[in-house]
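> got a sequence here, can you build the structure:
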Amino acid sequence: MSDRIIHIVGGGLAGSEAAWQAAEAGVQVVLHEMRPVRGTDAHQSDRLAELVCSNSFRADDWEGNAVGLLHAEMRQLGSLIMTCADRHQTPAGGALAVDRDGFAEAVTAAVLAHPRIRVERGEVAGLPPADWDSVIVATGPLTSPALAAGIGGLTGEAELSFFDAIAPIAHVESIDMGIAWRQSRYDKAGPGGDAAAYINCPMDQAQYEAFIDALLAGPKSEFKDWEHVPYFDGCLPIEVMAERGRQTLRFGPMKPVGLTNPHQPDVKAYAVVQLRQDNALGTLWNMVGFQTKLKHGAQTEIFRTIPGLERAVFARLGGLHRNTFLNSPKLLDGQLRLKADPRLRFAGQITGVEGYVESASIGLVAGRLAAAERLGGPLDTPPATTALGALVGHITGGHLGHGTGSFQPMNINYGLLPGIEAPGRGADGARLGKRDKVRAKKRAIGERALADLRVWANPMAAAAE
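This next block holds a predicted model:
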């Protein structure tokens, strides 16, 4: 065990995961979290790993979805974030969603109980002190202005920023189930086995067109300091999507495919608004994909025009906050260290990954890399054939620049992983159709990734097999 400390700045998903991984490796960790001494525009508590937007970790199918593969890889490496997510999952069809309060409480309790982790509350204002010789900066999209300014001054690079928006949450008893119904798209069951995990609110064409008109005309919150900050396409406010075309929402969060209204089984909805369970009790449900910058009064008025939500009571309305991330391919080396000051590693959304799981996964890698360095042994980053390695590769050099500002946050996807030849026949020898062939290829990519990750994590054990 090393007595030399690793300092981790930021107690979100990435920072909590980094602290856990480093401590589990035998290194002493100090985790610095500024809340509640200093708040943010989006957090509501002082808990570690608080989820400020959706409560979904997205698809949990490692055989057919890239983020599901990332889940599986993190579980294989003893991820604290995935352990707590699995313990506090709520129904969400094919996705892994969590009770946000139970999840954050579990992460906080585990970190506070670890004998090699000390949590210090208070802002790290500016660059970490010079005598901190091993630091992981995991301050996420809500990095404090003082620290962001310090990083910008050190690197000579102006950090890039983009808007991130929060979706509203409604009380379930206020939803009219005489109009709405429970069903997952295509009746697909998720990790909890529930094939009716979403509440669906149908719209006919006239209702949809009126809704789009209201979105476009509704008063929006404006932030003059942020006027020239681009949105990230993975978290667009619904009114911004509507501005891109009147049909955009019908092919996005309001698509009606794979759903049948039991109240009117012969009538196909023109559009559907879905809500997903947000807490373990099932009392709160969030509006899927309904991030918004509409003013609060307008949100209540407009969202109550949605069939089934006419009397909706909202536990939380939508909001908007600013996200910050680095031009990582230019600023970070292959070990996630800042080229201008290698004592500083970066993890989480500030590196240019997007999504809860992606952020936590970079924290996992950064924690292991920092611990290995502390213990006197180098550690390569995960293989490029793994989802973890693919993400690290993207943010440390895999991105091909096309001018200033071209590097943008990225979710994990199969396009970041090396290809593999798809099997042409199934286990029974029968020739696979196009859809089955795609599924078989994804499964083969997943099997390769999990096998390669086992070797990376424990090469001695893998050699003995």
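
> please save the CA atoms from the longest helix along the chain in PDB.
Taking DSSP state H as the assignment, the helix of the chain that covers the most residues is helix 434-457. Extracted in PDB, the C-alpha atoms of helix 434-457 (Å, rounded to 0.1, in the frame of the first residue of the first chain):
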ATOM      1  CA  LYS A 434     -29.200  -9.000 -42.400                       C
ATOM      2  CA  ARG A 435     -30.700  -8.100 -39.000                       C
ATOM      3  CA  ASP A 436     -29.400 -11.300 -37.300                       C
ATOM      4  CA  LYS A 437     -26.000 -10.800 -38.900                       C
ATOM      5  CA  VAL A 438     -25.700  -7.300 -37.400                       C
ATOM      6  CA  ARG A 439     -26.700  -8.600 -34.000                       C
ATOM      7  CA  ALA A 440     -24.100 -11.400 -34.300                       C
ATOM      8  CA  LYS A 441     -21.400  -8.900 -35.200                       C
ATOM      9  CA  LYS A 442     -22.200  -6.800 -32.200                       C
ATOM     10  CA  ARG A 443     -22.100  -9.800 -29.900                       C
ATOM     11  CA  ALA A 444     -18.700 -10.800 -31.400                       C
ATOM     12  CA  ILE A 445     -17.400  -7.300 -30.700                       C
ATOM     13  CA  GLY A 446     -18.700  -7.600 -27.100                       C
ATOM     14  CA  GLU A 447     -17.100 -11.100 -26.600                       C
ATOM     15  CA  ARG A 448     -13.800  -9.800 -27.900                       C
ATOM     16  CA  ALA A 449     -13.900  -6.700 -25.700                       C
ATOM     17  CA  LEU A 450     -14.700  -8.600 -22.500                       C
ATOM     18  CA  ALA A 451     -12.000 -11.200 -23.200                       C
ATOM     19  CA  ASP A 452      -9.400  -8.600 -24.000                       C
ATOM     20  CA  LEU A 453     -10.400  -6.600 -20.800                       C
ATOM     21  CA  ARG A 454      -9.900  -9.700 -18.700                       C
ATOM     22  CA  VAL A 455      -6.300 -10.000 -20.000                       C
ATOM     23  CA  TRP A 456      -5.700  -6.200 -19.400                       C
ATOM     24  CA  ALA A 457      -7.000  -6.300 -15.800                       C
END
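
> contacts for stretch 437-452, please.
With contact meaning CB atoms under 8 Å, 6 or more residues apart in numbering, stretch 437-452 is reached by 62-65, 69, 72-73, 76, 382-383, 385-387, 414, 417, 420-424, 426, 432. Yep, even glycine has a C-beta here, placed from its N, CA and C like the rest.

> just the ones of the residues you listed in helices?
Using DSSP H, 69, 72-73, 76, 387 are the members of the contacts of stretch 437-452 that sit in helices.

> in JSON lines, list those residues along with distance to I166.
Below are these laid out as JSON lines (distance: CB to CB, whole Å):
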{"residue": "L69", "distance to I166": "27"}
{"residue": "A72", "distance to I166": "28"}
{"residue": "E73", "distance to I166": "28"}
{"residue": "Q76", "distance to I166": "32"}
{"residue": "A387", "distance to I166": "26"}
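
> list just the nearest of the residues you listed to T155.
Taking CB to CB as the measure, T155 lies nearest A387 of the ones in helices among the contacts of stretch 437-452, at 27.7 Å.

> now the helices for the chain?
Remark: helices of the chain, listed N- to C-terminal, are 13-24, 66-76, 80-87, 100-113, 145-155, 205-217, 238-243, 296-303, 328-331, 356-374, 387-393, 434-457, 459-464; assignment by DSSP H.

> so which of these is nearest L284?
In terms of CB to CB, the element of these nearest to L284 is helix 100-113, at 8.9 Å.

> elements contacting that closest one?
Applying 3 or more CB pairs under 8 Å, 6 or more residues apart in numbering; DSSP states H and E, we find helix 100-113 packed against helix 13-24, helix 80-87, strand 117-121.

> out of the ones you listed, deepest packed?
Of the helices and strands packed on helix 100-113, the one with the most neighbours on average (mean count of other CB atoms under 10 Å) is helix 13-24, at a mean of 30.

> counting contacts, what elements does that helix pack onto?
Using 3+ CB pairs under 8 Å, 6+ apart as the contact definition, the elements that helix 13-24 packs against are strand 2-9, strand 27-33, helix 80-87, helix 100-113, strand 117-121, strand 135-137, helix 356-374.

> nearest to E310, of those?
The nearest among the helices and strands packed on helix 13-24, by CB to CB, is helix 100-113 at 26.3 Å.
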